[in-house]
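A.B. asks: Here is my input; please provide its structure:
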Amino acid sequence: MKPIKKIVITLIFLMGFLVGNSQQKKENKASSSPAMGETSKSTIKRLATTVEPNRKFSYPERELDYLMHIWKGEYDNVEQLDFDKIQKLEGKKHDRVHVSIRQFQNSNFGVGAVYVEEYREDNVNIITRQCIYQLVPDDKENAIKVKVYHFKTKKPILAKRDSFKAVSVLTPNSNLLKEGCSMILRRNGDGFLAKTILDSCTDKQVKEYQFSVTENSFHFTEEGIKTAYQLEKARCFTCMIDFPNDTNGRSTVTNHYIDILDQGGSFKFKYPDGRNMLLGMRNTWSFGMHRETFVIYILDQETNKTLIYSWGNPGADRIGFNPGWIRVQCDLKTPRNVKMQQELRPGS
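C.D. replies: The predicted model follows:
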């Protein structure tokens, strides 16, 4: 075979190999991408991924698909309490309320199953609301019907980071649950509003409250309270706390790696000189200047005095301070940021 022919054949072979290899990489990348509505850490499938191809969705089905996309995570009303202090509210005051929302799917509850766990006044040992909402598209009402199942015995699961497996395998007929009043959930502006269906209640059933959901909030009404509880969705940050050494003031060891929520999250720790301190994080509401602010701070627990604070835009994904006697760095919690913090040298 002549040299020129060999070169041509070799080039054709290499081009074919490179094209095939490139196509394989694209296919592998596509196959590893999360399905619609999923993230790399989630196994929850949205409605659109659970039915046959080319299926035409009804209006209630589309609304349920969107609701399941936005309604999850941690919610807290810490900022509402600050506003309560300067208002002359009539009747009972709002409690500090924290609510955890977790979605799950099984063949018994279907695609729209939502677990709700609530505690108050920072006491994770006393659960004040614990239930499962079964969300079902209702074509007759052109809305979403909500069947409510309350836990007979309330105990913390998400609040104490216990395993969620026992909840995810429950059925509506489980002995651990009792059915409450049904609700109807409809679109309300940029969110959804759920109200109790009164004729669905019996004397033995637990009456459900009215609640509303938007992309970043969860509000509900309660007997005796004239204004709704206003809970904002929290973001989780991972933080590292460093103390300086005794010679040149530079940090030599990271004393704490913690997770903290930006809606009133806190972490208690002891400073090397023995003082008890608290790291706090908030997304404060504006009192009139329309300048919401993302804040972290350290309190001396004995004097309740703020020792240092730092602020930024409410959507910021990184915040910290380093006055010399302590260094705190907080990043929005992602696998990449957690790994980055673990690999940082304290003195850097």
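A.B. asks: least trustworthy helix or strand in the protein by mean pLDDT?
C.D. replies: Of the helices and strands making up the chain, the lowest-confidence element is helix 3-32, at a mean of 46, by mean pLDDT, DSSP states H and E.
A.B. asks: Can you name the secondary structure element that comes next after it?
C.D. replies: Following helix 3-32 in sequence order, the next helix or strand is helix 59-70 (DSSP states H and E).
A.B. asks: CA atoms only for the following helix or strand past that next one - export them in CSV, please.
C.D. replies: Per DSSP H and E, helix 59-70 leads on to strand 73-76 as the next helix or strand towards the C-terminus. Only the C-alpha atoms of strand 73-76 are listed here, as CSV (Å, rounded to 0.1, in the frame of the first residue of the first chain):
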residue,chain,number,x,y,z
GLY,A,73,-37.7,22.7,52.8
GLU,A,74,-37.5,24.5,56.1
TYR,A,75,-39.7,27.5,57.1
ASP,A,76,-39.5,29.9,60.1
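A.B. asks: Pull the residues that contact strand 73-76.
C.D. replies: 96-101, 217-218, 231-234, 236, 261, 263-264 (CB atoms under 8 Å, 6 or more residues apart in numbering). C-betas here are computed from N, CA, C, even on glycine.
A.B. asks: so what strands line up beside it?
C.D. replies: Applying DSSP bridges to the sheet, strand 73-76 is found paired with strand 97-106 (antiparallel), strand 229-234 (antiparallel).
A.B. asks: Can you lay out those strands as a markdown table showing mean pLDDT, mean neighbour count and distance to Phe164?
C.D. replies: Output for the strands paired with strand 73-76, formatted as a markdown table (pLDDT from 0 to 100; neighbours: other CB atoms under 10 Å; distance: least, CB to CB, whole Å):
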| stretch | mean pLDDT | mean neighbour count | distance to Phe164 |
| --- | --- | --- | --- |
| strand 97-106 | 95 | 20 | 6 |
| strand 229-234 | 96 | 22 | 18 |
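A.B. asks: Tell me where the stretch 101-250 of the chain has helices.
C.D. replies: 165-168 (DSSP state H, counting those that start in this stretch).
A.B. asks: Low-confidence ranges, the chain, go.
C.D. replies: Scanning the chain for pLDDT under 70 picks out 1-55, 88-91, 203-208, 246-252, 287-290, 345-348.
A.B. asks: Residues in a beta bridge with the residue most central in space within the chain, which ones?
C.D. replies: Against the mean C-alpha coordinate of the chain, by CA atoms, centre = their mean, the closest residue is Gly73 at 2.2 Å. Judged by DSSP bridges, the bridge partners of Gly73 are Ile101.
A.B. asks: Which one, of the strands paired with strand 73-76, ends up nearest to Val169?
C.D. replies: strand 97-106 (6.4 Å; CB to CB).
A.B. asks: Let me see the residues that make contact with the closest one.
C.D. replies: By CB under 8 Å, 6+ apart, the list of residues contacting strand 97-106 reads 44-45, 68, 71-77, 111, 113-120, 122, 128-129, 158-159, 164, 167-171, 218, 229, 231.
A.B. asks: swap in stretch 145-159?
C.D. replies: Against stretch 145-159 from outside (CB under 8 Å, 6+ apart): 98, 100, 102, 115, 117, 119, 124-125, 127-138, 162-164, 166-167, 172, 175-185, 194, 206, 208.
A.B. asks: residues near Gly274, how many?
C.D. replies: Other residues lying near Gly274 total 6 when counted by other CB atoms under 10 Å.
A.B. asks: Pretty sure it sits in a strand.
C.D. replies: No: assignment of Gly274 by DSSP: H, G, I helix; E, B strand; the rest coil gives coil, placing it outside any strand.
A.B. asks: what's the distance between Asp95 and Leu231?
C.D. replies: 11 Å (CB to CB, to the nearest Å).
A.B. asks: And Gln342, by the same measure?
C.D. replies: The value you get for Gln342 to Leu231, if CB to CB is used, is 32 Å.
A.B. asks: again, but for Leu81
C.D. replies: For Leu81, the distance to Leu231 - CB to CB - is 11 Å.
A.B. asks: Give me the phi and psi for the residue lying closest to Arg96 once chain neighbours are set aside.
C.D. replies: Nearest-residue entry for Arg96: Glu121, 5.2 Å, with adjacent residues in sequence omitted and distances by CB to CB, 6 or more residues apart in numbering. Here is the backbone geometry of Glu121 (degrees, to the nearest 10): phi 50, psi 40.
A.B. asks: Correct me if wrong: Glu121 contacts Leu81.
C.D. replies: No: using CB atoms under 8 Å, Glu121 is not in contact with Leu81; the gap is 10.5 Å.
A.B. asks: returning to what we had before: quick one, which of the contacts of stretch 145-159 are buried?
C.D. replies: For those, a burial check counting by 16 or more other CB atoms under 10 Å picks out 98, 100, 102, 115, 117, 119, 127, 129-135, 137-138, 167, 177, 179-185, 194, 208.
A.B. asks: In contact with Ala234: list those residues for me.
C.D. replies: Per CB under 8 Å, 6+ apart, neighbours of Ala234: Gly73, Glu74, Tyr75, Asp76, Leu261, Asp262, Gln263, Gly264, Gly265.
A.B. asks: ugh, wrong one, I meant Ser310
C.D. replies: Val295, Ile296, Tyr297, Ile319, Gly320, Phe321 are the contacts of Ser310 under CB under 8 Å, 6+ apart.
A.B. asks: Quick check: beta-bridge partners of the fourth one?
C.D. replies: The reference is to Ile319. Here Ile319, judged by DSSP bridges, has bridge partners Cys330.
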